[in-house]
Each structure stands twice: as structure tokens, then as C-alpha cells.
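[1] Sequence first, then the predicted structure:
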Amino acid sequence: MDDPEAEDEEEAGEEELSAALGRPPPVNSDYLPLPWKGRLGYACLNTYLRYSTPPVFASRTCRIASILEHRHPLRDPNEPEHPTKNRPDREQPASIERGQKYVEALGVANARDVIKMLRWNDKYGIKFMRLSSEMFPFASHEEYGYKLAPFASEVLAEVGKVVAELGHRVTTHPGQFTQLGSPRKQVIDNALRDLAFHDEMLSLLKLPEQMDRDAVMILHLGGVFGDKVATLDRFRENYKALPQSVKNRLVLENDDVSWSVHELLPVCEELNIPMVLDYHHHNIIFDSEQLREGTADIMNLYPRIKATWDKKGIKQKMHYSEPTPAAITGRQRRKHNPRVATLPPCADDMDLMIEAKDKEQAVFELMKTFKLPGYNTFNDIIPHVRNDDNKVAMQASNKKKATPKKKGKKVKDEDEEMEDDEESAVNGETAALVPEEEVGMGGPEGRVYWPPGMEDWLRPKKREVKPKAVPGSAKKVTPAQKRKALADAVALEAAVKEQHESDEDAAEAATPATKKAKEALKQRAAAARAKSDALQNATAPPAAAPAPATTTKSAPKRKTPAPKVKKEKEEKVEVTPPTSDDAESELELNSSEEDAPAKAPKRPARAGARSSGRANKSKVSYQEADVSMDED
């Protein structure tokens, strides 16, 4: 059975799409259960609390590998566990009890968060919730399973005490693999363990008699395995073998794949099992020979369905959800819409479970739409801002305790982020610590509602990475950068002039390679001069008219000692010029650039004073190239 809240889009074939488009339109009832006197609920997860600081949720879990790993002691047992600094030490002896304590601690933490969720629900008029089947990880596993008593008895009793105090209803829904009609013995054994786990969890709540009776376990019949009659026979046989405590809680629900209301209702009446009507499932799987799609015809079965609950003295409940607007085929329509638009034609005092991706927000949406009790208790959240936790206050406190550091770039960035966080506090003042019982509760204004599609508002605003400066854009240029650029330009120009003065002696020995090398050096010299001129003028105030960049203007600003220029010049001459075939006419030295080295007559002599073989070889090559160009 597919996840009805999965994000994947189902692609339909042409035949399937054609058949879906040809189905008769649904026939719905106009009745609305108003004024509403029932209880609306959601399943397992509270989206607002899940993103609070610290997060509140009841489905912390782990992998079996983590249980095995935590059978080993920590490297430093005196310090708390850390993902990198203090992990379990596999070289030390393992203990099954130690690994069991690890997984039990997860379950206890989950159960404690249920208390916060219940009080949050009560504040905003929600009095019905489904408990997560993942509250105690691997509790019904064949090898790593465990009993909840005695380690979870106390915390579950605390949960039950809050449920009774607030007058809420809690239920459970074992997973899709918990099936009592399977032909495989292993599947049946797994289902029996899972049902026993859910029964123990609900029993340890120690609820008052009627509340305990209403704490049911919803179950799907499961697959058909090629023969519905044989599957129903196996279900009957396995159901009769269940412990009485499990039978007292078990409820069957029609599904959206195999079993319709008309197929399940007779079995429920026969075995004295209450039946949950799921409107969404009914609109996908129904007996078209007896009724039409929609809510109008199914209302004729209301009395029989309700009787299955009354017979066992359990408060009736129903499930409601809606398909996504774009869904057409049956497979596509199984996916739940994030929120629902209306109420089904149920009794006005019904316990109605809203099965939607947006969880408690889907309940809020119905409250807002129909002005149901509790609709005026909540308000829209401020995007990306939370004023009901201590994150900002703790950051400010940690900043005061931090040791002063030199204001480098990284420290300045951290300070700016801290200032942004502090500005988000009320009136820009240092936020006061929120009492523990009020953390995540929405603050005095009840800002817990986020509009459809705006789930991102629950999370902090994403940091915007500033793009790097574009080359050529205005930026601060240091004196060192100016000196280096000028030295590079002077060195390259000196090398070009040195080769230019002696190129007449080797005109006949010119080759294409030396021509390219000579031209490449000239291009590099021109580019270096242009870069130097740009840097010299980068921070200069704008003039009335742009003046041409000349060596005469740039030379007085150079403060580099002569030895340093010599070093730079020698290094540049030593580099072998590239031999790319780029356009030779792209960059050429103008007359002012060629005459620039005349202001410093000593530099060319020093550059040409090198006596290495490599320098002499380069000298001959440049001369040949220059003569060729002059001849052209």
C-alpha cells in the first residue's frame, strides 16, 4: 500500500487515464455538520512543534546498527555522547543491556514530548490525536523487540494523566504490514507482536474506563492474495486467536486498494468489530453496483456502521481526507491533499480524524473556514521568526560569555549574524528567557498558523551568500597591489624593448614559433600596463574629463625600491611565453607604452644583463620575431 502523503507524482497510462476520465461524477451530500460539537484530530506529528527549538515530536528512531553500536561504552563515559568527539568504542566489550538502554531512552524521550503536544493541542482547541506507532523503536521486532514495562510505565502513566485531565482522545494505527489475513505465517507472527505492542502502550496510559475503551487500534485487512474469500477465512481464524485485550481495541477500516465498505461491514458485524468509515478511501474503492461515488449514497449505511461501535460501547470515529486537485486516476487520487476544504456529512458530535500532510494546520484550516470552536485562538506566524523559544536569548548569552577576539572577517560576520538574530527579538531588545512550559506554545499571540504552502516559514531564513565582486567593479585597492602591478608592467615592457633593440641582427633566422612568442610577450606587456593604470586610478577622485593612462602619470606613485623591481623583472623575463594562436592583432603596444621605459634607463640594462643560456636563447628568438614583424 502506497504512502498517501508521499511527494511522488504517479504517471498514468493512456488506458488508465481514459478509464478514469470516463467514470461518472461523484454525488455528494449538501449536509454540513454545523454547528460543530465534535472533536477534530490529526495524526502523530505536529508541524509547528517539530520545528521549534528544541524540536518536539514523538517519532525519534534509529537503525538496528545503532543499537548494536551502542552496546559498546562511550570512549569517555563521563562525558555526554557526541557525533564525532565521543562515540561508542567498538574495541571495548559489548553489552546487550547497554544497547537496550539506548533504544529505551529514545522511547522515553518520545513519550515525554507527547505531553507537550497534548497541552499544545488543548490550547488551540484540538482534543483528538493519533499516537505514533514509532514512539518506541523496534518494540515489536522479532529479534530486537522488548516490553514497555517497567522502563516506560511511569512516563506513559504521566501521558495518560494529561489525557484524562484535558479530556482528550488518543488512538493508534498499526502500519500497513500488520495484516491478519496473510497466508504467510511470518507475517501473522509479526502482526501479533505489533498488535500486542500497541495494546501494551495504550494500556500503560492507565486511562479512565471510557477513555481507555475509546483508545482503539485501527487496522486494515490488507491484501487479497488472489482470493478474497480465503483471505477473509484466515482473518476470522487469526482474529479469534487474539488476546481479549487486543480484541477490545481492534477496529477495521476500509482501504483505497482492495476492501470496500460493503465487503468489510458484514465481517465487522459478524465478529463484533467496529468499522471506521474513511470517506477518501470509499470514493476510490466502492461497490458501484450498490452505490455511487461520493458521500450521498454512503449515508444510507450510517446506522449499520454506527451500530458496530455502540455494540461495544466505544465512541465512534471517522476519517476524512481529500485527493490532490490534479489527481485523476485511482492511484493518483490516493495521495492526500495537504489540507481539506470542507467537512464530510457526518454527525455533528463525531470524532473526526483529518488525515492530511499539513497535520494540525489542516485542522486549523477547517476551523478558520467554518468558524469552529477554537478558530480565534491562533494567528499567523511571522515568517522565519519564533518568539516562543530561547534560541535568541541563549545566543545573546553565549556572546557575552565569549572571549573577545580580534575583529577579523570571520568574527565580524559572526557578530553581524548575532545582531540580526537579536534584532528579531521583540523591540530589538535582549529577549528574556521563555519558561520551559511555554517554549513552543506560540507565545501570547498564539502565532502558530502558517498559510497553505508556506511551511518554509517555520524554519529560519536561509542565509544569502553575497556574490564575489565582479572583475572591474569598484573595490578598494591596496598600495601593495599598485606597486606590484606597476613593477610587472615595467619589467615586461623592459623585456620587450630589449628584444626590440637587437632584433635587426637576426631577421633571417625568424620562425613562426618565435614570432608567436614575441607577439605573446608584447600582448602580456600591454595587458600588464593596462592593469597597472587601472589600479593606479581605482581610488582616484573622478576628474572633469578622463585622462589617458600614461607611464608619466603612474611612475611618480611607484614607491618600490629599485632592487625589488629588478627581482620582479628578472622573474618575468625568465618565464617562457605562451604559444597560443590567439588573434595577433588584438593587443599592440602604442607609442607611449614603447617609450615608457626611457624614463628609467637602468632597468633594461639589468634585465638584459642575465647571462644564462635560457635567456640568451630567448633573446635570439625575440629578435627574429621582431624583425619579421617589422618587415611585414
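    Happy to help now that I have it.
[2] Regarding the chain, what is its longest helix?
    helix 96-123 (DSSP state H).
[3] which helices and strands does that one pack with?
    Secondary-structure packing of helix 96-123 (3 or more C-beta pairs under 8 Å, 6 or more residues apart in numbering; DSSP states H and E): helix 47-50, helix 64-69, strand 128-130, helix 153-166. Using the backbone N, CA and C atoms, a C-beta is placed for each residue, glycine as well.
[4] between it and helix 153-166, how big is the angle?
    The directions of helix 96-123 and helix 153-166 differ by 10 degrees, with axes from the mean of the first three to the mean of the last three C-alpha atoms, to 10 degrees as the criterion.
[5] any idea of the mean pLDDT in helix 96-123?
    For helix 96-123, mean pLDDT rounds to 98.
[6] so how far is that helix off the chain centroid?
    Distance of helix 96-123 from the chain centroid (C-alpha atoms, centre = their mean, to the nearest Å) equals 23 Å.
[7] tell me which residues in that helix are buried?
    98-100, 102-104, 106-108, 110-111, 113-118, 120-123 (16 or more other C-beta atoms under 10 Å).
[8] hmm, back to that, nearest to Cys268, out of the helices and strands packed on helix 96-123?
    Minimum separation from Cys268 across these (C-beta to C-beta) falls at strand 128-130, 20.3 Å.
[9] and that closest one, what does it pack onto?
    strand 39-43, helix 96-123, strand 169-171, strand 351-354.
[10] closest to Lys371 out of the ones you listed?
    With C-beta to C-beta as the measure, strand 39-43 is the member of those nearest Lys371 (13.3 Å).
[11] What angle do helix 96-123 and that closest one make with each other?
    Here strand 39-43 runs at an angle of 150 degrees relative to helix 96-123 (the same axes, to 10 degrees).
[12] Parallel or antiparallel, list what pairs with strand 39-43.
    Strand 39-43 has these partner strands in its sheet, going by DSSP bridges: strand 128-130 (parallel), strand 351-354 (parallel).
[13] what ranges of the stretch 101-250 of the chain fall below the confidence cut-off?
    Along the stretch 101-250 of the chain, no part satisfies pLDDT under 70.
[14] got it, and the chain?
    In the chain, residues with pLDDT under 70: 1-10, 399-431, 469-476, 500-510, 513, 538-632.
[15] Domain-wise, how is it divided?
    Following automatic domain parsing, one gets these domains for the chain: 37-64+108-377, 390-433, 479-538+549-631.
[16] Between its first and last residues, how far does the shortest one reach?
    For domain 390-433, the first and last residues are 6 Å from each other (C-alpha to C-alpha, to the nearest Å).
[17] The longest one too?
    Start to finish, the residues bounding domain 37-64+108-377 are 17 Å apart (C-alpha to C-alpha).
[18] starting at the chain centroid, how far to it?
    Between the centre of domain 37-64+108-377 and the centre of its chain there are 27 Å (C-alpha atoms, centre = their mean).
[19] quick one, which of the helices and strands packed on helix 96-123 is nearest to Ile328?
    Ile328 sits nearest to helix 47-50 of all these, at 28.1 Å, using C-beta to C-beta.
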